[in-house]
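[1] Here is a sequence together with a model predicted from it:
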Amino acid sequence: PTDRPPTDTTTTMAATAATTTATTVANATTVRELVAAALKTPTQQKHCDAVAKILLTQFGMETAADLREYAAAVGDDAAVLRGEFERFGVLPVCSATLARSLVQHNAAVA
């Protein structure tokens, strides 16, 4: 296979990441897994445990399915969902991304 052109690793990595994110947000079973799937940057990753704890204690989200259903009930406006998260103490650096990921997931399965 030496006659194949070199693979563009950036494109491959981006495609893999997109697939992984969609699958993980869709297939996460725990709130922590879903949060980790949605929050990708190193800054956001540092807050995953705190965000998951807030969602459990303040929202009563015990499973990823609970969180997906809640987001679907709020609707397709990520700003509204973000506001709900922030009202209970989720940092803005995480709430916008998490809300957007959930809205995108729900739009994809609708």
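    Okay, I see it. Residues are numbered from 1 along each chain as shown.
[2] After the helix or strand of the chain with the lowest mean pLDDT, which helix or strand is next?
    The weakest-scoring helix or strand in the chain, judged by mean pLDDT, DSSP states H and E, is helix 9-27 (a mean of 54). Beyond helix 9-27 on the C-terminal side, the first helix or strand identified by DSSP states H and E is helix 31-38.
[3] Export that following helix to CSV, keeping only CA atoms.
    The C-alpha trace of helix 31-38 is given here as CSV (Å, rounded to 0.1, in the frame of the first residue of the first chain):
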residue,chain,number,x,y,z
VAL,A,31,-24.9,12.4,32.9
ARG,A,32,-21.1,12.6,33.4
GLU,A,33,-20.5,10.7,30.1
LEU,A,34,-22.8,13.1,28.2
VAL,A,35,-21.2,16.2,29.8
ALA,A,36,-17.8,14.9,28.9
ALA,A,37,-18.9,14.2,25.3
ALA,A,38,-20.3,17.7,24.9
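[4] How about residues contacting it?
    20-21, 24-25, 28, 45, 48-49, 51-52, 55-56, 61-64, 66-68, 94, 97-98, 101-102 (C-beta atoms under 8 Å, 6 or more residues apart in numbering). For glycine as for every other residue, the C-beta is placed from the backbone atoms N, C-alpha and C.
[5] ok, now how distant is Gly60 from Ala107?
    Using C-beta to C-beta, to the nearest Å, Gly60 is found at 24 Å from Ala107.
[6] hang on, I meant Asp66
    Applying C-beta to C-beta, the value for Asp66 to Ala107 is 19 Å.
[7] which of these two has more neighbours?
    Asp66 (16 against 10; other C-beta atoms under 10 Å).
[8] And that one, which helix or strand is it part of?
    In this assignment (DSSP H and E), Asp66 forms part of helix 64-74.
[9] Next: Cys94.
    Going by DSSP H and E, Cys94 is in helix 92-109.
[10] Alright, I will stop here.
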